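**Student:** need a 3D model of the sequence below.
(chains A, B, C and D)
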There are 2 protein chains.
Amino acid sequence: MALKPLGLGLASRRVLSDVVTDDLRDAIISHDLEPGRRIAEDELALQMGVSRGPIREALMRLDREGLVTIERHKGARVASWNDTDIQEIYSMRSALEVLAIEWACKNATTSDLKAMEEILNTYNKLSEKQRTPREVSRLDLEFHTALFAAAHHDRLFKTWEVLRSQIHAFLVYTWSQDGKINKVFLPQWGPDHKVFVEVIRNKQIEKAKETVLGHVERGLARVATHFIEEVKPKKKVAKR
Amino acid sequence: MALKPLGLGLASRRVLSDVVTDDLRDAIISHDLEPGRRIAEDELALQMGVSRGPIREALMRLDREGLVTIERHKGARVASWNDTDIQEIYSMRSALEVLAIEWACKNATTSDLKAMEEILNTYNKLSEKQRTPREVSRLDLEFHTALFAAAHHDRLFKTWEVLRSQIHAFLVYTWSQDGKINKVFLPQWGPDHKVFVEVIRNKQIEKAKETVLGHVERGLARVATHFIEEVKPKKKVAKR
DNA sequence: AAATTGTTGTTTGTAAACAACAATAGACCA
DNA sequence: TGGTCTATTGTTGTTTACAAACAACAATTT
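**Tutor:** Just a heads-up that it's a prediction; the model follows:
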């Protein structure tokens, strides 16, 4: 009998289309593939050394996530963003996060709260130098993902995952271009999120809603100002 | 040059996977395929006379819509519903419709309003006999879809489409089993929706929100009572 | 008798070839 | 010169064939 590969057992459970999806998503979020760029199935298949099947599946998933735009018989492109997109995304986010924190107040377990606090600790331990745009964005979204998880609401969580990818895609970009604005908003990050954990733990639903609304609106204010100035004349995301 | 097919020109632009998706969705919504039923790609491909490719794509789409549940190497099943699902769906619906009517107050055009009134007219013209569960459900969801369209918010609309499929799937069923409850809720349908059009036209945002919240809650009340009694011990929808 | 191992059948995952479609460039004609 | 029609090319949609993973059951061993 042949020896089983040790330690890699878990990795083998991932299927090609998963790998392709994650690699592509990373490439888009990190702007290795710039917005608007054409993605041909053949070309990408050749480049990644797989057939078109997994590529097709990955592209369709990313289309659902809003990171890629597919048009019939015309192919796929990396999605590009304008200020309308920002307005849509943040209005959705407000509505969803209010619902999330409401359900979290009712359903959060102690381990849910612990998970959120763990992320805050990780952030606080970062040195000034370590607070790179990429890292701050990642932790921010990880915290909010933990919040949505605490709501124990499957459909809400899935909807958030789609939105998260889109937010991530331009958040890394805006943070990296911020400069002095960072100095104003960054110090607020820790305290702001700490309040979330408290109101959930005390089940203060109304206060929780207000808190989360304010937080998202400030986030929009930061992103929107910056975004409109820098990336205005991009083409609208087309849908099928 | 060959003659172009008349009237069916639009249909010819549809691609196989679209046809399969729509046919399958209809079959699920109408309960031709009962909840929990196993769907094998091969079997369905044979039955519909197409290859597995379009079938795979259709199943993946319906998985995303929540009408089908896919597990790797185990196959796809028609989704089944329990009262937790109902709670999730209607809480999502409340959040989304409030956002929708808010944006509709700001963005609705006269033709958007006209479209909504058109649906109301169609309903009012129906005779007692014509008010079948299937028809009422269809018109109800069509009206709300028009509302979401009037919001002019692409992401919100796409999210609604997913939710709509799920609502449709059990709405047809509950209406068909209602009996005397119909007599109480049906007469309310017309007036209730007429108010929507008015508040949007007058841009009464706050009143609009209250109206829509009340409407959705009444809908939940009707469905939930009925659903819990009839279909309680179904298995939870599993996600990958 | 219980647990382990091997075998078989079913179902999905992947690859590669073929067909259909859309965009583009060039030929032809007015 | 301008426009339209046609042929070409590149891309996606679909099919077919094969490989790998999984689940269930039977045989075997302890």
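**Student:** most proximal residue of chain A with respect to DNA strand D?
**Tutor:** residue A:75 (2.8 Å; CB to the nearest atom of the strand). Glycine gets a C-beta too; all of them are placed from N, C-alpha and C.
**Student:** wait, isn't that residue in contact with residue A:40?
**Tutor:** Yes: counting by CB atoms under 8 Å, residue A:75 touches residue A:40, with 6.2 Å between them.
**Student:** quickly note the distance from the residue of chain A closest to DNA strand D to residue B:64.
**Tutor:** According to CB to CB, to the nearest Å, residue A:75 stands 21 Å off from residue B:64.
**Student:** how about residue A:153, phi and psi?
**Tutor:** phi -140, psi 90 (degrees, to the nearest 10).
**Student:** I'd like the distance between the residue nearest the centre of chain A and chain B.
**Tutor:** By CA atoms, centre = their mean, chain A has its centre lying nearest to residue A:164, at 2.9 Å. Distance of residue A:164 to chain B, computed by CB to the nearest CB, to the nearest Å: 13 Å.
**Student:** quick check on that residue: phi, psi?
**Tutor:** Torsion angles at residue A:164 (phi, psi; degrees, to the nearest 10) stand at phi -60, psi -40.
**Student:** quick one on the thing from earlier: more neighbours, residue A:75 and residue B:64?
**Tutor:** The residue with more neighbours, out of residue A:75 and residue B:64, is residue B:64; 17 against 13, by other CB atoms under 10 Å in any protein chain shown.
**Student:** quick check: which element contains the nearest residue to the more buried one once chain neighbours are set aside?
**Tutor:** Nearest residue to residue B:64, sequence neighbours excluded (CB to CB, 6 or more residues apart in numbering or on different chains): residue A:64, at 6.1 Å. Element membership for residue A:64, per DSSP states H and E: helix A:52-65.
**Student:** can you list the domains in chain A?
**Tutor:** Taking automatic domain parsing as the reference, chain A has its domains at A:13-78, A:83-230.
**Student:** make a markdown table out of the ones you listed and add mean pLDDT.
**Tutor:** Formatted as a markdown table, those follow (pLDDT from 0 to 100):
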| stretch | mean pLDDT |
| --- | --- |
| domain A:13-78 | 91 |
| domain A:83-230 | 89 |
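**Student:** burial measure for residue A:99, as a count.
**Tutor:** A count of nearby residues for residue A:99, using other CB under 10 Å, gives 23.
**Student:** same question but for residue A:129, I mixed them up
**Tutor:** Other residues near residue A:129 come to 6 when the count uses other CB under 10 Å.
**Student:** likewise residue A:142?
**Tutor:** Residue A:142 has 17 neighbours, counted by other CB under 10 Å.
**Student:** I'd say it and residue A:119 touch.
**Tutor:** Yes: between residue A:142 and residue A:119 there is a contact under CB under 8 Å: 5.6 Å.
**Student:** quick one: contacts for the residue of chain A closest to DNA strand D?
**Tutor:** Counting by CB atoms under 8 Å, 6 or more residues apart in numbering or on different chains, residue A:75 makes contact with A:38-41.
**Student:** within reach of DNA strand D, which of those residues are there?
**Tutor:** When CB under 7 Å from any atom of the strand is applied, the members of the contacts of residue A:75 adjacent to DNA strand D are A:39-41.
**Student:** tally up the residues packed near the closest residue in space to residue A:77 that isn't next to it in sequence, please.
**Tutor:** In this structure, residue A:77 finds its nearest non-sequential neighbour in residue A:69, 5.1 Å apart by CB to CB, 6+ apart. Residue A:69 has 22 neighbouring residues, counting by other CB under 10 Å.
**Student:** state the helix or strand in which residue A:69 lies.
**Tutor:** strand A:68-71.
**Student:** return the distance of that strand from the chain's centre.
**Tutor:** Distance, stretch centre to chain centre, for strand A:68-71: 19 Å (CA atoms, centre = their mean, to the nearest Å).
**Student:** given that strand, what are its sheet partners and their directions?
**Tutor:** strand A:75-78 (antiparallel) (DSSP bridges).
**Student:** and the very next helix or strand once past the strand it pairs with, does that touch chain B?
**Tutor:** Following strand A:75-78 in sequence order, the next helix or strand is helix A:83-107 (DSSP H and E). Yes: on the criterion CB under 8 Å from any CB of the partner chain, helix A:83-107 is in touch with chain B at A:88-89, A:91-92, A:95-96, A:98-99, A:103.
**Student:** no further questions, thank you.
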